[in-house]
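In: missing the sequence, but the structure's below:
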């Protein structure tokens, strides 16, 4: 299976984070996407899946894809609300939320590397 370059993977992770956050905002009508159950039942799991896919397609240092996807959401939240006062707290929260996508991306990368050695 083909690989993505580091640049391509960063672009996909960043765009996915922005789209997932803004789409959830638009559909739910909430000021912050994570205030909607749609975020937790659809957007966040999709983000985890994107990180896993990127981990498989670009397996070098796969933790970057989950972290990028989530931290871009923090920046999107701050920019969309024009409120940077709570950005430090948001970065902490999104950092915690990045743990599952990082784990899935790392697992997918390990699977990819295992298949390449056999």
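Out: Great, that's in hand. Small disclaimer: the values here were computed from a predicted structure and weren't measured. Numbers count the residues shown, from 1 in each chain.

In: mind listing what's buried along the helix-or-strand element of the chain with minimal mean pLDDT?
Out: Within the chain, confidence by mean pLDDT, DSSP states H and E is lowest for helix 87-97 among all helices and strands, at a mean of 91. Buried residues in helix 87-97, counted by 16 or more other CB atoms under 10 Å: 87, 90, 93-94, 97. Bear in mind the C-beta positions are built from the backbone N, C-alpha and C, glycine included.

In: in this structure, which spans are helices?
Out: Applying DSSP state H to the chain gives helices spanning 6-28, 37-38, 44-57, 63-81, 87-97, 99-117.

In: skip the chain neighbours and tell me the closest residue to residue 56.
Out: Counting by CB to CB, 6 or more residues apart in numbering, residue 56 lies nearest to residue 108, which is 4.0 Å off, once chain neighbours are set aside.

In: now swap in residue 81 and tell me
Out: Nearest non-adjacent residue to residue 81, counting by CB to CB, 6+ apart: residue 31, 6.6 Å away.

In: so the one you found makes contact with residue 77?
Out: No. Counting by CB atoms under 8 Å, residue 31 sits too far from residue 77 to count as a contact (9.3 Å).

In: between those two, which one's more packed in?
Out: Each of residue 31 and residue 77 has its neighbours counted (other CB atoms under 10 Å); residue 77 has more, 23 against 12.

In: residue 44 is in contact with residue 98, isn't it?
Out: No. When contacts are counted by CB under 8 Å, residue 44 is not listed as touching residue 98 (10.9 Å).

In: those two: which has the busier surroundings?
Out: A count of neighbours by other CB under 10 Å puts residue 98 above the other of residue 44 and residue 98, at 24 against 20.

In: what residues are up against the more buried one?
Out: 66-67, 69-71 (CB atoms under 8 Å, 6 or more residues apart in numbering).

In: so which of those residues is surrounded by the most neighbours?
Out: Of the contacts of residue 98, with other CB under 10 Å as the count, residue 69 tops at 31 neighbours.

In: please tell me how far that one sits from residue 62.
Out: Distance of residue 69 to residue 62, given as CB to CB, to the nearest Å: 12 Å.

In: from residue 112, how far off is the residue lying closest to residue 104 once chain neighbours are set aside?
Out: Nearest in space to residue 104, with sequence neighbours left out and distances taken as CB to CB, 6+ apart, is residue 52 at 4.0 Å. According to CB to CB, residue 52 stands 10 Å off from residue 112.
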